[in-house]
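Participant: attaching a predicted model along with its sequence, questions to come.
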Amino acid sequence: MTTWLLRRILQALLIVGAMSVTVFVAVNVIGDPVEVLISPEATQEERARLIASLGLDQPLWKQYLNFVSDALRGSLGNSFVYNEPALGLVFSRLPATLELAVLALLIAILVGIPLGLYAGLNPDSKASKTIMAGSILGFSLPTFWVGLVMIMVFAVQLGWLPSSGRGQTVEVFGVRWSFLTADGLQHMLLPAVNLALFKLSMVLRLTRAGTRETLSMDFVKFARAKGLKPARVIGVHVLKNIMIPIVTVLGLELGSLIAFAVVTETIFDWPGMGKLIVDSIYVLDRPVIVAYLMMIVLLFVTLNLIVDILYSVLDPRVRLESRT
């Protein structure tokens, strides 16, 4: 187990190194931030001074080495626009995105797994067929369109929920959170549901498929033949076995919720990392873009490692293979 874990950590470090090269080169060969940051009436001397101050006068390989050197010291440069550490700027927006993504994931789990279980246990019922038809809509409808419809219906016409912003927040250990206040939860509900629809449909269909497959296995038939109660058969034998692929998928999907909340945050004007990266792309704020992308890379690699460890805990066969 220790050898397997060390090997996975080494693989993760190699992936981070390779992605750092890809991200840095890709971001630095697109566009010219000087054209955005400086006035068209600026003189050549002013342009040259700005280019030198941003370090853009150096060759790309040297810029990358400086980037790696700064990264090892915990710095990814200063934002061209805000003139403050890019990593700190991204981290300041992380709580807003994190609480939105976690709430969306909770909605997907708390709604998707029970509906998927019901659909798997009663595949021929009208309710089950309705649930599966609804899951297709969750996969098919564009996120931006659903978000706009939700704003029009629940915020504009009915006036039940606010359509933008974080609402009232509470500071805990120096970090401001929305979910700790009633007003903050009201502001979170629409964007969280919009962000959760695709994941909910995926969890629902994954749970249904796992339930249908597990019900036909011999250990479930044997448990029923022993006279165990249906609730115990479903809760212990069926649900425990289908949770292995569900945990694997959900662990990775949390990363995708954080990384790809850009559309939802833009539509609902949610002040998270997604909104920050969109604004930074408009002005070609390269340090902020690189800091955001590298943090997302680290997030995915870390979540993947955690999922692998949880998978080995849930499935004894993985532990046996690692020992072999």
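Facilitator: Looks like it came in fine.
Participant: distance of E213 from A133?
Facilitator: For E213, the distance to A133 equals 21 Å [Cβ to Cβ, to the nearest Å]. Yep, even glycine has a C-beta here, placed from its N, CA and C like the rest.
Participant: mean confidence score for stretch 267-277?
Facilitator: Averaging pLDDT along stretch 267-277 gives 86.
Participant: doesn't E171 lie inside a helix?
Facilitator: No. Counting by DSSP: H, G, I helix; E, B strand; the rest coil, E171 is not found in a helix; it is strand.
Participant: so what's it up against?
Facilitator: W177 (Cβ atoms under 8 Å, 6 or more residues apart in numbering).
Participant: and the pLDDT for it?
Facilitator: 82.
Participant: what about stretch 140-157, how long is it end to end?
Facilitator: Taking Cα to Cα, to the nearest Å, stretch 140-157 runs 25 Å from one end to the other.
Participant: in that stretch, what's buried?
Facilitator: Residues T143, V146, G147, M150, I151, F154, A155 are the ones in stretch 140-157 that count as buried (16 or more other Cβ atoms under 10 Å).
Participant: tell me where the model's unsure across this structure.
Facilitator: 1, 4, 29-44, 46-47, 50, 53-57, 235, 237, 311-324 (pLDDT under 70).
Participant: what about the strands in it?
Facilitator: When assigned using DSSP state E, the strands of the chain occupy the ranges 170-172, 175-177.
Participant: nearest to G88, out of those?
Facilitator: strand 175-177 (12.9 Å; Cβ to Cβ).
Participant: partners of that closest one, with directions?
Facilitator: strand 170-172 (antiparallel) (DSSP bridges).
Participant: re earlier: with neighbour numbers in mind, choose between E213 and A133.
Facilitator: E213 (13 against 9; other Cβ atoms under 10 Å).
Participant: ok, the closest residue to S178 other than its chain neighbours - contacts?
Facilitator: Nearest residue to S178 in three dimensions, chain neighbours excluded: G184, at 3.1 Å (Cβ to Cβ, 6 or more residues apart in numbering). Contact analysis of G184 by Cβ under 8 Å, 6+ apart lists R166, G167, Q168, T169, V170, W177, S178.
Participant: correct me, but the last one touches P162?
Facilitator: In other words, S178. No. Using Cβ atoms under 8 Å, S178 is not in contact with P162, being 11.3 Å away.
Participant: any residues in contact with both of the two?
Facilitator: Counting by Cβ under 8 Å, 6+ apart, the residues touching both S178 and P162 are H187.
Participant: neighbour count: the two, which is higher?
Facilitator: S178 (23 against 18).
Participant: near V81, how many other residues are there?
Facilitator: V81: 19 neighbours (other Cβ under 10 Å).
Participant: cheers, nothing more for now.
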